[in-house]
Structure formats: structure tokens, C-alpha cells
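>>> build me a model from this:
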Amino acid sequence: MPSPGEGINANEAKFKSWMPAEYEAGYEARFAGASESLTATHCWQAGWQDADLEFTESFRQRRSGEDG
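Predicted coordinates for the structure are as follows:
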């Protein structure tokens, strides 16, 4: 599994200053129940969105297991 930031186009301005700590803070914020922040850094938003995707997929899989 690639780590955050791998495979991105590093020439894009928003990726030139990738901040792993911001990504982790956003990721943790999603699991802590924080809502998405449109004013946060791109890295924070990416972490939040990745965690939201995992959270949603996990919920879907649990629900499928209960139905089946």
C-alpha cells in the first residue's frame, strides 16, 4: 500500500510542501468525529478524506455481513 503522497504529481503547487503531520492530523480528526474543514491545509483535507473513505467502506462491509 502506498504511503500518503506517493504517486502524486509533485509538480502541482498544492503538493510541493507535503506535510505528513497535517495529513495524520486530518486522518485522526475524522475518526475522532470532526467534520471536514474546507479551510484546513490540503494535507489535512487529504487525511480526513482518506479516513472517511476507510470509515465508509468499513461500515458498508459490516452492513453487508449483517444482511448476508
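>>> buried residues in the longest helix along the chain?
Ordering each helix of the chain by length in residues (DSSP state H) puts helix 42-67 first. Within helix 42-67, the residues scored as buried using 16 or more other C-beta atoms under 10 Å are 42, 43, 44, 45, 46, 47, 48, 51. Quick note: C-beta positions are derived from backbone N, CA and C, even for glycine.
>>> which residue is the nearest non-sequential neighbour of the most centrally placed residue in the chain?
Residue closest to the average C-alpha location in the chain (C-alpha atoms, centre = their mean): residue 50, at 2.4 Å. Setting aside the residues directly before and after it, residue 50 is nearest to residue 27 in space (C-beta to C-beta, 6 or more residues apart in numbering), at 6.2 Å.
>>> with residue 34 instead?
Per C-beta to C-beta, 6+ apart, closest to residue 34 is residue 48, 7.5 Å.
>>> shouldn't that neighbour be in contact with residue 37?
Yes. Using C-beta atoms under 8 Å, residue 48 is in contact with residue 37, at 7.3 Å.
>>> overlap in contacts, these two.
residue 29 (C-beta atoms under 8 Å, 6 or more residues apart in numbering).
>>> elements contacting the helix or strand harbouring residue 27?
Taking DSSP states H and E as the criterion, residue 27 maps to helix 20-31. Applying 3 or more C-beta pairs under 8 Å, 6 or more residues apart in numbering; DSSP states H and E, one finds that helix 20-31 makes contact with helix 42-67.
>>> this completes my enquiry, with thanks.
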